[in-house]
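Trainee: Take this sequence and fold it.
(chains A and B)
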Amino acid sequence: MALVRDNPSSVDLLLRQVDYWRTVYRRTWRGSVVASFVQPLFYVAAMGVLLGDYIDDGGASLEGAPSYLAYIAPGLLAAQAMQVSAAECMFPVMSAIRWVKTYHGMLATPLDVPDIVRAHLAFVAFRIAMSCAVFGLVLAPFDVYGSVAGALCAYLGAVLVGMAFATCLYAFAAGVKSEQWFVAMMRLGILPLFLFSGAFFPISNLAPPLEALARVTPLWHGVDLVRMCTLGQPESGAVLVHLTYLVAMVAVGYWWAVRRLRARMVV
Amino acid sequence: MSQPTQESFELSRDSAPHDGPMISARGLRKSYGDFEAVKGIDLDVQPGEAFGFLGPNGAGKSSTMRMVAAVSPPSGGSLRILGMDPAKDGPKIRGRLGVCPQEDTLDNELTVRENLLVYGRYFGISRREVGSRADELLRFLQLTDKQNDQVDSLSGGLKRRVTIARSLINNPDVLLLDEPTTGLDPQARHLLWDKLFRLKQQGVTLVITTHYMDEAEQLCDRLVVIDGGQIVAEGSPRQLIEQHSTREVAELRFGVGEHEAYAPLLADLGERTEVLPDRLLLYTEDGEAALAQVHERGLAPTAVLVRRSTLEDVFLRLTGRSLAD
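Mentor: Numbers count the residues shown, from 1 in each chain, chains lettered A, B, ... in the order given. Model prediction:
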């Protein structure tokens, strides 16, 4: 019997990489679970509960949220998904290209560039899903969900936010020549998005031009989507816009990622 | 379970038989922007053959290997690997090749065994089959004791062996080895050569690039000398030496910087002379006789050595340069 079969399907090619990613996960899961449990707990305690007391006393308008905690919880969830993407799609991609050279080994087998990108992104999706699940459960005792259905929608929304960032950050990482770019991306991209995209305060507090800018950022769409879910106040028009935006970002990011990785690896 | 010794290791040749050369290239070119790394080479590698690319660093060996490995698209000319076109059937071709790249691409944080298992799965080999295949290869490359060590902790020689074991996980028809022993100590090199020799005996087609003439002489049935992206000679190591060099070489050392001046005084004693920075080479059929004449002329080199011609001499003759950088 032949060891190597010809003409495998894309699903088969994806499944062939499961053992690799499972091995990677076995090596790293402890740290990532602790991080995704502890970090949200700190944020929720410090900002949601303690800082929230001051804000609630001040009677701030929070876009219909009953408390500051209920206001920032969905923002933190969406931002967490983005952070996991940033961690999984920048240094690990460069490592697979330049340091450990995992991709070079993979490309010497029947796997092709799109197969490799899909498997890596599938692993990132799994990491985001796990991390958001832990985060979502940590939030549950704080009574931030309007309903179980809302909680589930918020969870799916957060995973979508994560994947929108994942494909685009992957594409970014596949093309850059130096890891200095990642530092720049964290400081000038991820951090300002985290702070100014409506996770912590309504963006109507920003000056009009900055508010307009915040409204076109991906994290704002994500935060607003997840918040509508947890507060149980979905507006169908806005939900549609958010979903379209994020799904388009996933698709364009994926297309760009394959293109950039091919340009980098197949020379 | 029977415990086969490493000698009984066998490659079951299981892919469809293929008529004609395993690799065939005509006018093969590779450019990176304005730089032309491979400038039109023709070659055929026959089944079961150990074929070598001998040349200095930067000669275009690795570029050629990457094209032959169906990972780098040719910029011009035609290339057939196992009768297929790499532009159309890249994945299919790669499924039947084993690749041992110049730089190890092992996963340092995985164990030796995990590296083999994970890699075998990329070829679609079932988990059970890949396990027994890994055991076999670990025995063959004498890595069984190290199988649960993290690759990170291994020496360069051991890592090379793991890379070779990994490249054999899919029972390849052709094994591509890019500078397999560069950077290894002599003991590790000899062990590796022994393993490659056994593979060759089992009928695996080997394609090797090297800038070590001794490696080329040891392993290759046939080789091409490549320089500046072009093939400058082709043949078996013996043929190349016969065609391009004399039987023997007398190496003469004089004072530093004096070699150039001595060359004309000796030129008629052999077929040819070469002046290297540290010595003068006198090519002749009888080295001892030539040396005697050198002494008769009253010349007193500080050190002398008579040896047989090697591929190094062939390379020097063909390119005017030494293989060492």
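Trainee: show me the contacts for residue 200.
Mentor: All of this is about chain A. A:Met47, A:Ile72, A:Gly75 (C-beta atoms under 8 Å, 6 or more residues apart in numbering or on different chains). Every residue, glycine included, has its C-beta placed from N, CA and C.
Trainee: wrong one, chain B
Mentor: B:Gly48, B:Ala50, B:Leu206, B:Leu219.
Trainee: Show me the strands in chain B, by range?
Mentor: For chain B, the strands defined by DSSP state E cover B:23-32, B:35-45, B:50-54, B:76-81, B:97-100, B:174-178, B:205-210, B:222-227, B:230-235, B:248-253, B:272-275, B:280-284, B:303-308.
Trainee: is the fourth one anywhere near chain A?
Mentor: No. Taking C-beta under 8 Å from any C-beta of the partner chain as the criterion, strand B:76-81 and chain A are apart, separated by no less than 13.0 Å.
Trainee: The contacts of B:Lys200 also near chain A: which ones?
Mentor: Among the contacts of B:Lys200, none lies close to chain A by the criterion of C-beta under 8 Å from any C-beta.
Trainee: which of those residues count as buried?
Mentor: For those, a neighbour count by 16 or more other C-beta atoms under 10 Å in any protein chain shown gives the buried set as B:Ala50, B:Leu206, B:Leu219.
Trainee: can I get the contacts of B:Lys200 in a markdown table with pLDDT?
Mentor: Supplementary listing: those in a markdown table, determined by pLDDT from 0 to 100:
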| residue | pLDDT |
| --- | --- |
| B:Gly48 | 94 |
| B:Ala50 | 96 |
| B:Leu206 | 97 |
| B:Leu219 | 91 |
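Trainee: Closest one to chain A out of those, please.
Mentor: Closest approach between the contacts of B:Lys200 and chain A, by C-beta to the nearest C-beta: B:Leu206, at 16.1 Å.
Trainee: Dig out what the closest one forms beta bridges with.
Mentor: Here B:Leu206 sits in beta bridges with B:Ala50, B:Leu175, as judged by DSSP bridges.
Trainee: Look at residue 131 and report its pLDDT.
Mentor: Let's take chain A. Per-residue confidence (pLDDT) for A:Ser131: 93.
Trainee: try chain B instead
Mentor: pLDDT for B:Gly131: 96.
Trainee: pretty sure it is in contact with B:Glu114, am I right?
Mentor: No. Using C-beta atoms under 8 Å, B:Gly131 makes no contact with B:Glu114, being 11.3 Å away.
Trainee: These two - which one has more neighbours?
Mentor: B:Glu114 (21 against 15; other C-beta atoms under 10 Å in any protein chain shown).
Trainee: what about the longest helix along chain A, average pLDDT?
Mentor: Using DSSP state H, we find that the single longest helix of chain A is helix A:236-265. For helix A:236-265, the mean per-residue pLDDT is 97.
Trainee: now do stretch A:186-199
Mentor: For stretch A:186-199, the mean pLDDT works out to 95.
Trainee: can you give me the end-to-end distance of it?
Mentor: Distance between the boundary residues of stretch A:186-199 (C-alpha to C-alpha, to the nearest Å) amounts to 17 Å.
Trainee: what about the residue nearest to B:Pro277 when sequence neighbours are not counted, distance to chain A?
Mentor: Closest residue in space to B:Pro277, ignoring its immediate chain neighbours: B:His259 at 7.7 Å, by C-beta to C-beta, 6 or more residues apart in numbering or on different chains. From B:His259 across to chain A, the span is 43 Å (C-beta to the nearest C-beta, to the nearest Å).
Trainee: what kind of secondary structure is the residue in the stretch 151-267 of chain A that chain B sits nearest to in?
Mentor: Going by C-beta to the nearest C-beta, chain B is nearest to A:Val267 of the stretch 151-267 of chain A, at 6.3 Å. The assignment at A:Val267 comes out as coil when based on DSSP: H, G, I helix; E, B strand; the rest coil.
Trainee: isn't it right up against B:Ser72?
Mentor: Yes. A:Val267 lies in contact with B:Ser72 (C-beta under 8 Å); the separation is 6.3 Å.
Trainee: Between these two, tell me which one has more neighbours.
Mentor: Taking neighbours as other C-beta under 10 Å, A:Val267 and B:Ser72 compare with B:Ser72 leading, 22 against 12.
Trainee: Number of residues surrounding the closest residue to the more buried one other than its chain neighbours?
Mentor: Nearest residue to B:Ser72, sequence neighbours excluded (C-beta to C-beta, 6+ apart): B:Arg66, at 3.8 Å. By other C-beta under 10 Å, the residues close to B:Arg66 number 24.
Trainee: Likewise for the one 4 residues further on?
Mentor: The local packing of B:Ala70 (other C-beta under 10 Å) involves 28 other residues.
Trainee: Spit out the contact partners of the closest residue to it other than its chain neighbours.
Mentor: Leaving aside its chain neighbours, B:Ala70 sits nearest to B:Pro86 (3.9 Å; criterion: C-beta to C-beta, 6+ apart). Going by C-beta under 8 Å, 6+ apart, B:Pro86 touches B:Met67, B:Ala70, B:Pro73, B:Pro74, B:Leu79, B:Ile93.
Trainee: Separate out the buried members of the residues you listed.
Mentor: Neighbour counting by 16+ other C-beta under 10 Å classes B:Met67, B:Ala70, B:Pro74, B:Leu79, B:Ile93 among those as buried.
Trainee: and chain A, which of its residues are near chain B?
Mentor: Contact residues, chain A versus chain B (C-beta under 8 Å from any C-beta): A:1-8, A:12, A:16-20, A:23, A:27, A:100-102, A:104-112, A:265-267.
Trainee: Which entries within these meet the buried criterion?
Mentor: Buried members of those, counted by 16+ other C-beta under 10 Å: A:3-4, A:8, A:16-17, A:19-20, A:23, A:100-102, A:104-112, A:265.
Trainee: so the spatially most central residue of chain A is in which element?
Mentor: Nearest to the mean C-alpha position of chain A, by C-alpha atoms, centre = their mean, lies A:Gly162 at 1.9 Å. Assessed by DSSP states H and E, A:Gly162 sits inside helix A:148-175.
Trainee: pLDDT wise, what is residue 98 at?
Mentor: Picked chain A for this. Predicted confidence (pLDDT) for A:Arg98: 94.
Trainee: wait, I meant chain B there
Mentor: The model reports B:Gly98 with a pLDDT of 97.
Trainee: Check the one 3 residues further on too.
Mentor: According to the model's per-residue confidence, B:Pro101 sits at a pLDDT of 92.
Trainee: residues contacting it?
Mentor: B:Pro101 touches A:His104, A:Gly105, A:Ala108, B:Thr163, B:Asp178, counting by C-beta under 8 Å, 6+ apart.
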